[in-house]
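Engineer: sequence unknown, structure follows:
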């Protein structure tokens, strides 16, 4: 059987012969590859979208079978996720700034920590929801802010 291209957790992988799957029932299976035994579970079956979510040895994987349409979409650049450009960060609730994790001129990517805000005795970490470069930091640790206050400006 020829090699196939699969997309596992967002990375292209060339499949090869040699793996054996033994189904125990409709959702549990054993995978034997290169003499090693792995226990698996089918979590989600979206065969119509060529997508499976499986768990092997307590780790979850998303698996897609790649086809010619996937290659065309990629060649056209339509598979690149849109990331919004940050303009400003406003306080989502009233509270006290615990820690500022950024500096002026720093470039941020989605998920980067910006600051910690304490509200109702709970510390909330605010993270970047897009990309941007820090232009101005309008707050400091220990400062009390109101909901909607502009905390950071980006360029």
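Structural biologist: Arrived safely. Nothing here was measured: the structure is a model prediction, and the numbers come from that model.

Engineer: Please identify the helix or strand for residue 20.
Structural biologist: Assessed by DSSP states H and E, residue 20 sits inside strand 19-23.

Engineer: Adjacent strands (with direction) for that strand?
Structural biologist: Strand pairing for strand 19-23, determined by DSSP bridges: strand 28-33 (antiparallel).

Engineer: contact partners of the partner strand?
Structural biologist: By C-beta atoms under 8 Å, 6 or more residues apart in numbering, the surrounding residues in contact with strand 28-33 are 18-24, 37-42, 56. Every C-beta, even on glycine, is put in place using the N, C-alpha and C of the backbone.

Engineer: repeat that for 7 Å
Structural biologist: Here strand 28-33 makes contact (C-beta atoms under 7 Å, 6 or more residues apart in numbering) with 18-24, 37-41, 56.

Engineer: how far is that strand from where the chain is centred?
Structural biologist: On the basis of C-alpha atoms, centre = their mean, to the nearest Å, strand 28-33 sits 27 Å off its chain's mean C-alpha point.

Engineer: May I see the buried residues of that strand?
Structural biologist: 29, 31 (16 or more other C-beta atoms under 10 Å).

Engineer: after that strand comes which helix or strand?
Structural biologist: Assigned by DSSP H and E, the successor of strand 28-33 is strand 36-46.

Engineer: list the buried ones in that next one?
Structural biologist: Result for strand 36-46 [16+ other C-beta under 10 Å]: buried residues residue 40.

Engineer: quick revisit: so for the strand holding residue 20, mean pLDDT?
Structural biologist: For strand 19-23, mean pLDDT rounds to 82.

Engineer: What angle do strand 36-46 and that strand make with each other?
Structural biologist: Orientation note: strand 19-23 sits at an angle of 70 degrees relative to strand 36-46 (axes from the mean of the first three to the mean of the last three C-alpha atoms, to 10 degrees).

Engineer: which outside residues touch strand 19-23?
Structural biologist: With contact meaning C-beta under 7 Å, 6+ apart, strand 19-23 is reached by 29, 30, 31, 32, 33.

Engineer: do the same with stretch 118-130
Structural biologist: Residues outside stretch 118-130 that contact it (C-beta under 7 Å, 6+ apart): 83-86, 89, 93-96, 98, 108-117.

Engineer: Nice, that's everything, thank you.
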